[in-house]
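Q: Sequence and computational prediction follow.
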Amino acid sequence: MRHLLPLILATAPAFGAISLPSNEAGLELKAEDAATRREWALAELERAVGEREWNNLTNGPRSAFFREMQGKLLEELMFSGPLPEDAGKMMRIAESLWKADRSGMANRQELTTAAAIALMYAEKDWPEDQALARYQYFRDSRKAGKLHPVFETLATWEKRFVVSAGGNGKWAGNDGWGEQSLVWLRDHVKLPIKDYTGACWQAPYHLENVFGDSIHGPKYYAPFEMIHAERVRDVGGVCGSLSHYGATAARANGIPAITMGEPGHCAYAVRTAPGEWTPAYSLSWERGLHTSLWGRTWTQLVLQEKVLGEKYATDRSSMHLWQARALKGKNPDLADKAYRKALEAQPLDQPAWIEYVKWLQESRKLEPLQWKKVHDDALAALAKYPEAAWGVVQLVEAAMIKDVPADERIPFLLTFHNGIASENGPVMWDMPKALDEQAKLLGNPSQELEFFEQVVTLQAKSESWLAPVVEWGSQRFGKGGSTTWFEALGRGLATGSGGEAGEATRKALRPAILAAAETGNVDAFQALAKVVTTGDAPKLPPLPPFPGELLSAGGLIRLSTTSDWDAPESHAAVLEAKGGRLHTAAEVKPHVVVRLAKLGELSGIVVADASAGYNASRLVPIKISISEDGQSWQEVFRSEKPGEPWRVDLVGKAPRVAWVKVERDDDRKEVFHLSAIHVYGRRLQ
């Protein structure tokens, strides 16, 4: 295969001049060979920019840049994650940076920064004319030694998460998170990497400014003519402003970070180590990333870290993918083989799987058995990442369901659940939505409850997926007082767990409740608790409330240990007015951690137990602590008096609390049990 444009030539090839492979043997390539990499990178760039932009790039005054960029810059642009939709814009930005600092880009640090900026500023709504200012900021800050040392270690794809500082994944000028804010944050917020997860709290949480203007109106920041980052620190804001402050502080110092949307909330995350993203100010697993190289889910963030970190496999996969794109209009059979080689080289590349499946849907007429092989191969490759697997499997299911006989559709749809049942996955995901989509494919509402029962059977022993399956069943079938779904749940659990219905159902769900608590899945925790809840309530003395809402209601409880005396199905009730039951094993310093349903400014806490005599003495000395993040704790109460409700007045003392811990504070090895943990106050989000 001849080279598209050897560096020694001064003239560019005609558009579409690459010599394509004619057989499967021609698809073989040496991914480490510089000439092969350059050849296929240029071919893909040519395809991506289109004929007009290609001709402009390769002829006339732009040809000098085009010739020179075929060295290291081409490599960084093409092997650093997916190209932006407008590849021509990417090339124009790269050229403008090259013209502005041609000699500086001989340094690899500046080269990778320039490539990252060209890749990110080519995204929609990012202005070309502002790219140079962002490049100069990071170049000059690095030269002056003002960035965190980690910046020097980052590859181009990692720098894409740094240079994209802005607002909700978009560029924000100097009225927002532009270069002026970057400079201010760089010079005023210098922290160890992991501490940037708490940088948001340098700014106060204020819904209204000192003049009474709401953050949701146009006047909140208007009276304060300051650099925006400084303004947020001094004036305050709510979750959006605070999360952008924390994320932008990290990025301004050369550390990858992102902001992300959660239900009714804005949070952020910091890349605290290679392959490790740490959520910050996060209240839910339901995260929509504002910046991502592919996909917007947390699973995709985790997965792309792994894929892009495996450079050799991913580079090889990319070149086969480029072959497939070049061939699919001319030799579909060979294009199919090229796609397969790409997926064999890097089977975790979810976007490549999706591209392949969509091409098959649009251009190839596969037999059911051929579709089944694609389905099974994708599921096997991505099963450890169930959400990513579903993103591919749902496309295949939709493509082939019409060819599946009605009486075989449930077994076919269950294949996915069988594939992920033994995998815990990296994160929780919206499995109920996937179940909704599968239920639609059945095409027969009368089969949906049977489908639910069989999914329960498959997931009965799963620590991760039984809880969301039950949550889905509760919402879809349990409304209106119907008991048929509960009967189906009982049968599914009895079959899947090897037990019997009734008490077996309760016992089978207890591990799922504990697992939901351990993973922080509040919705699943509450749904499971409602399934198995009883009318029993402890005999508690009167527990007068503190002012405000019962912020604990609807929250989650996590115990240091459980025991045979514990009742996980009653944990949620401990947080409600009626009270419930929890019981640890015998241990030193047993504790209970409560995640509140809402972040709040607390007015008070009431803790109580129904026990008396010796049993009551097990609970003291009792200590109560509060936390914003579940990591750093502030003690607010301690007592050695047993047998009475403990009341903690916190008016004016607990402005931002999401977690409460109750523990016994001595060195005895003894059990710990409580009936009520009631937390009152004003919600902050």
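A: Yep, it's here.
Q: residues contacting the closest residue to Thr297 other than its chain neighbours?
A: Using CB to CB, 6 or more residues apart in numbering and skipping the chain neighbours, the partner closest in space to Thr297 is Glu387 (6.1 Å). Using the backbone N, CA and C atoms, a C-beta is placed for each residue, glycine as well. Residues near Glu387 by CB atoms under 8 Å, 6 or more residues apart in numbering: Thr297, Thr299, Gln300, Gly425, Val427, Trp429, Asp430.
Q: For ChimeraX, write the selection for the buried entries among those.
A: The ChimeraX command for the buried members of the contacts of Glu387 (criterion: 16 or more other CB atoms under 10 Å) is given here:
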select :297,299,300,425,427,429
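Q: In strands, which of the contacts of Glu387 fall?
A: Assignment to strands by DSSP state E places none of the contacts of Glu387 there.
Q: I'd like the contacts of Glu387 laid out as a markdown table, including pLDDT and distance to Lys146.
A: Converted to a markdown table, the contacts of Glu387 look like this (pLDDT from 0 to 100; distance: CB to CB, whole Å):
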| residue | pLDDT | distance to Lys146 |
| --- | --- | --- |
| Thr297 | 96 | 34 |
| Thr299 | 96 | 35 |
| Gln300 | 96 | 32 |
| Gly425 | 90 | 39 |
| Val427 | 89 | 34 |
| Trp429 | 93 | 39 |
| Asp430 | 94 | 41 |
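Q: for the contacts of Glu387, which one is nearest Asp187?
A: The nearest member of the contacts of Glu387 to Asp187, counting by CB to CB, is Gln300 at 33.8 Å.
Q: mind checking how far the closest one is from Ala389?
A: As defined by CB to CB, to the nearest Å, Gln300 lies at a distance of 12 Å from Ala389.
Q: which residues sit in contact with Gln175?
A: Gln isn't right for residue 175; it's Asp. His228.
Q: State the distance from it to Arg231.
A: From Asp175 to Arg231 the distance is 10 Å (CB to CB).
Q: and which of the contacts of Glu387 is nearest Ala122?
A: Gln300 (20.2 Å).
Q: Figure out the length between the terminal residues of stretch 542-560.
A: 28 Å (CA to CA, to the nearest Å).
Q: can you start the count at 137 instead of 1 from here on
A: Let's use 137 as the start, then, which means that last one is stretch 678-696.
Q: I'd like the mean pLDDT over stretch 514-533, please.
A: For stretch 514-533, mean pLDDT is 97.
Q: what does the domain assignment say about the chain?
A: Listed by automatic domain parsing, the domain ranges of the chain are 137-298, 301-426, 445-668, 685-819.
Q: Export these as a markdown table, with columns for distance to Pro678.
A: Formatted as a markdown table, the domains of the chain follow (distance: least, CB to CB, whole Å):
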| stretch | distance to Pro678 |
| --- | --- |
| domain 137-298 | 54 |
| domain 301-426 | 32 |
| domain 445-668 | 25 |
| domain 685-819 | 8 |
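Q: for those domains, which one sits closest to Lys675?
A: Between Lys675 and the domains of the chain, the tightest spacing by CB to CB is seen for domain 685-819, at 5.4 Å.
Q: which one of the contacts of Glu523 is nearest Pro354?
A: Once CB to CB is applied, the member of the contacts of Glu523 that ends up nearest Pro354 is Thr433, at 32.6 Å.
Q: what's the next secondary structure element after whichever strand or helix holds Gly224?
A: Taking DSSP states H and E as the criterion, Gly224 maps to helix 223-236. Sequence-wise, the next helix or strand downstream of helix 223-236 (DSSP H and E) is helix 244-257.
Q: Which secondary structure elements does the next helix or strand after that following helix sit against?
A: Downstream of helix 244-257, the next assigned helix or strand under DSSP H and E is helix 267-279. Contact here means 3 or more CB pairs under 8 Å, 6 or more residues apart in numbering; DSSP states H and E; on that basis helix 267-279 packs against helix 223-236, helix 244-257, helix 292-299, helix 315-324.
Q: Now render those helices as TSV, adding distance to Ala812 and mean neighbour count.
A: Formatted as TSV, the helices and strands packed on helix 267-279 follow (distance: least, CB to CB, whole Å; neighbours: other CB atoms under 10 Å):
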stretch	distance to Ala812	mean neighbour count
helix 223-236	59	21
helix 244-257	51	25
helix 292-299	44	24
helix 315-324	44	20
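Q: Now mean pLDDT too, for those helices, in JSON lines please.
A: JSON lines is the format used below for the helices and strands packed on helix 267-279 (pLDDT from 0 to 100):
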{"stretch": "helix 223-236", "mean pLDDT": "97"}
{"stretch": "helix 244-257", "mean pLDDT": "98"}
{"stretch": "helix 292-299", "mean pLDDT": "98"}
{"stretch": "helix 315-324", "mean pLDDT": "98"}
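Q: Reformat those into a markdown table and put distance to His809 next to each item.
A: Shown next, in a markdown table, are the helices and strands packed on helix 267-279 (distance: least, CB to CB, whole Å):
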| stretch | distance to His809 |
| --- | --- |
| helix 223-236 | 61 |
| helix 244-257 | 54 |
| helix 292-299 | 46 |
| helix 315-324 | 48 |
